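Asker: any chance you can model this:
(2 chains)
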Amino acid sequence: MNKIPVLIDEKKLEVDPHRTILEVCREHDIEILTMCHLKGIADIGSCRLCLVEVEGINKLMSACTTKVTANMVISTATERIKKYQRITTELFFAERNHVCAVCVSNGSCELQELGYKTGVDNIRYPHLFPQCNVDTSHPWYVMDHNRCIMCTRCVRVCNEVEGAHNWDIKNRGHQVRIISDFDTPWGASTTCTSCGKCLHACPTGAIWPKAIVQGQLVKNPGMITELVEKRKMRL
Amino acid sequence: MTKKKLATIWLGGCSGCHMSLLDIDERILDVVKLADIVKSPVVDGKELPEVDIALVEGSITSDEHYKEILHIRKQAKTLIALGDCAVMTNVTGMRNYFPLKEVVDAAYVNAVSNDGQGELPNHPCLLRLNDKVVPLQEVVKVDFVIPGCPPDADTIFYVLAEFLNDRLPDLGKTKKLKYG
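Answerer: Numbers count the residues shown, from 1 in each chain, chains lettered A, B, ... in the order given. Okay, here's the model as predicted:
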């Protein structure tokens, strides 16, 4: 396949066409922050962290859903991008109830890591403090909506990889919530196979096994990527 | 260089941040070389005089804290929010998800150990809880924040040492940012 030239952060690269800006950057060790992206499942560009500047386009483009074209000039780390990344991260913290001190994911949380990377030391927006449910009806797992950032990785992994489609989404705006089946308790689900993939896909402490206590949760989202790759190889 | 004045104040928090402050161990001697600790839960100062640096732990949960933080802001040249509660309400703010009455009733009236005899404490000397817990920065201007639950002793010492030597600390660049 013919390669096409692109310029990313003033680096001249020859890359395969039909690939996303994110894929190209990751291949060339150019750091792009992401939350809703998980290699192996479909990209939806919802977290708005992977925004890049493309010359000739006024708005910022999400790197995970924008494909490279010949002679594209891309910037990934301008002050404008950093500013928006920090705002987005702060809004994640302000929207739900993220209390790291009592969270199972404390110390191994993608949201915490994101905060450190974007330099968030305080939240400049008022916290919404919504009253969120904690669904403990499943025999092994817990869904804590307080800690959910609506990346929807669980929804996509359940649908695309496990094929069960237990998870889906209801409502809009800040009232948006992940639901099990038709908004019924997770434990009563007729579609959930209890495979636990959603747990590993989840970047925060929103989905966790009951056998875990504060700060002990270690997730392995790479396992999902590996699973998808292995399935492709068998075909 | 004249000796600076340092105060550490405990508002709506668990005092864990002050425990972490004490964990700077013998480095407290380096601190007192550069500053007098004029008010703190660990010294005997009663009133808050004008100070160069005030380290404030905890969030604003009551009328008393509200008055106190306004006074601290008036007295302190540099106000530092110490710990997750002061910076973003943390555990202290977990009662914000519910109406205040539900929260205090759960603790004082409906607690199982009360055997149905519980009542709300109502002495005039007691502080009055605000409906919602807020971080310091929603009430006053905060000059610097040290998140963490608690912040590491090393981080607290680093920040103190920088300010006492008239430098501005940077938690991001020094990789000292931590929540929880």
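
Asker: A:R26 sits in which helix or strand?
Answerer: A:R26 is part of helix A:21-27 when elements are defined by DSSP states H and E.

Asker: show me what that helix is packed up against.
Answerer: When contacts are defined as 3 or more Cβ pairs under 8 Å, 6 or more residues apart in numbering or on different chains; DSSP states H and E, helix A:21-27 sits against strand A:4-8, strand A:11-15. Quick note: C-beta positions are derived from backbone N, CA and C, even for glycine.

Asker: with distance to chain B, mean neighbour count and mean pLDDT added, can I get those strands in CSV?
Answerer: Shown next, in CSV, are the helices and strands packed on helix A:21-27 (distance: least, Cβ to the nearest Cβ, whole Å; neighbours: other Cβ atoms under 10 Å in any protein chain shown; pLDDT from 0 to 100):
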stretch, distance to chain B, mean neighbour count, mean pLDDT
strand A:4-8, 25, 17, 97
strand A:11-15, 25, 13, 96
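
Asker: need the ones you listed in CSV with distance to A:P126, can you?
Answerer: CSV is the format used below for those (distance: least, Cβ to Cβ, whole Å):
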stretch, distance to A:P126
strand A:4-8, 37
strand A:11-15, 41
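
Asker: wait, which of these is closest to B:H65?
Answerer: Across the helices and strands packed on helix A:21-27, B:H65 has its closest neighbour in strand A:4-8 (50.1 Å, Cβ to Cβ).

Asker: would you confirm that B:A81 contacts B:G148?
Answerer: No - at 10.9 Å, B:A81 does not count as touching B:G148 under the criterion of Cβ atoms under 8 Å.

Asker: so between those two, which is more surrounded?
Answerer: Counted by other Cβ atoms under 10 Å in any protein chain shown, B:A81 and B:G148 do not tie: B:A81 has more neighbours, with 28 against 25.

Asker: in a strand, that's where that one is, yeah?
Answerer: Yes - per DSSP: H, G, I helix; E, B strand; the rest coil, B:A81 lies within a strand segment.

Asker: what count of nearby residues applies to B:S40?
Answerer: As a measure of burial, B:S40 has 17 neighbours, counting by other Cβ under 10 Å.

Asker: which residue packs closest to it, ignoring adjacent ones?
Answerer: B:T8 (4.1 Å; Cβ to Cβ, 6 or more residues apart in numbering or on different chains).

Asker: can you name the residues in contact with stretch A:202-210?
Answerer: With Cβ atoms under 8 Å, 6 or more residues apart in numbering or on different chains as the test, stretch A:202-210 has contacts from A:35, A:98, A:103-106, A:109-111, A:136, A:140-149, A:151, A:153-154, A:178, A:196, A:198-199, A:217, A:219, A:221.

Asker: just the buried residues from those residues, in PyMOL please.
Answerer: Here is the PyMOL command that picks out the buried ones among the contacts of stretch A:202-210, judged by 16 or more other Cβ atoms under 10 Å in any protein chain shown:
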select buried, chain A and resi 35+98+103+104+105+106+109+110+111+141+142+143+144+145+146+147+148+149+151+153+154+178+198+199+217+219+221
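
Asker: from the contacts of stretch A:202-210, which land in helices?
Answerer: Mapping these onto helices (DSSP state H) picks out A:E110, A:L111, A:R153, A:C154, A:C198, A:L199.

Asker: output the residues you listed as TSV; include the columns pLDDT and distance to chain B.
Answerer: Shown next, in TSV, are these (pLDDT from 0 to 100; distance: Cβ to the nearest Cβ, whole Å):
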residue	pLDDT	distance to chain B
A:E110	97	13
A:L111	98	9
A:R153	98	22
A:C154	98	22
A:C198	98	23
A:L199	97	20
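
Asker: neighbours of the residue in chain B that chain A sits nearest to, just the number please.
Answerer: Chain A sits closest to B:G180 of chain B, with a gap of 2.5 Å, by Cβ to the nearest Cβ. For B:G180, the neighbour count with other Cβ under 10 Å is 21.

Asker: mind checking pLDDT for the closest residue in space to it that isn't next to it in sequence?
Answerer: In this structure, B:G180 finds its nearest non-sequential neighbour in A:C100, 2.5 Å apart by Cβ to Cβ, 6+ apart. We have a pLDDT of 96 for A:C100.

Asker: same deal with B:N122?
Answerer: 88.

Asker: one more: the one 10 residues further on?
Answerer: Taken from the predicted model, the pLDDT recorded for B:K132 is 96.

Asker: excluding its backbone neighbours, what's nearest it?
Answerer: Using Cβ to Cβ, 6+ apart, the closest residue to B:K132 is B:N96 (5.1 Å).

Asker: tell me if I am right that that neighbour is in a helix.
Answerer: Yes - the assignment for B:N96 (three-state DSSP) places it in a helix.

Asker: correct me, but it touches B:P135?
Answerer: No - counting by Cβ under 8 Å, B:N96 does not reach B:P135; the two are 11.0 Å apart.

Asker: shared neighbours, the two?
Answerer: By Cβ under 8 Å, 6+ apart, B:N96 and B:P135 have these common neighbours: B:T89.

Asker: compare these two (neighbour count), which wins?
Answerer: For B:N96 versus B:P135, the count of surrounding residues by other Cβ under 10 Å is larger for B:P135: 26 against 21.

Asker: where exactly do the strands run in the chain?
Answerer: Reading this off chain A. Secondary structure of chain A by DSSP state E: the strands cover A:4-8, A:11-15, A:51-54, A:61-62, A:73-75, A:134-135, A:141-144, A:167-170, A:177-180, A:207-209.

Asker: was after chain B, sorry
Answerer: Listed in chain order, the strands found in chain B under DSSP E are B:4-10, B:35-39, B:51-57, B:60-62, B:76-82, B:129-134, B:144-146.
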